[in-house]
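1. Quick one, fold the following:
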Amino acid sequence: MLLKNINIDFPESLFWDTDKNKIDMEKHASFIVDRVVSMGSWECFKSTLAYYGRDKFIEIVINIRYLDDKTLSFCSAYFNKAFNEFRCYNYRQSNQVHWNY
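-> I've put the predicted structure just below:
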């Protein structure tokens, strides 16, 4: 269930490279969730989660191509999902790196 009456006031720094007024909440859902999870505040996270609903939000997060280690660990713990359920984790495992600092 989507709660359309939730007003999310995203900070300018979250969408610094795009016109915030041209972002469509439904059409650009994966873009929005990616930015909120990676760089957003706790308040943005909670508001966005409430807007899209838990199931849709989890589906989007699981299919994000890249998450840093801290964000991946947070999402895994918060949504009670194993690392191997995330696309970014599986993608990272298939690309070998020589040095991991």
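2. quick one: secondary structure of Leu67?
-> Judged by DSSP: H, G, I helix; E, B strand; the rest coil, the three-state class of Leu67 is coil.
3. and it, how far is that from Asp9?
-> Plainly put, Leu67 is 24 Å away from Asp9 if you go by CB to CB, to the nearest Å. Bear in mind the C-beta positions are built from the backbone N, C-alpha and C, glycine included.
4. more neighbours, these two?
-> Leu67 (21 against 8; other CB atoms under 10 Å).
5. does the residue nearest to the more buried one when sequence neighbours are not counted belong to a helix or a strand, and which?
-> Of all residues not flanking Leu67 in the chain, Cys88 sits nearest, at 4.6 Å (CB to CB, 6 or more residues apart in numbering). Per DSSP states H and E, Cys88 falls inside helix 87-94.
6. so the residue nearest to Leu67 touches Ile64, yeah?
-> Yes. Counting by CB atoms under 8 Å, Cys88 touches Ile64, with 5.7 Å between them.
7. I appreciate the help and will end here.
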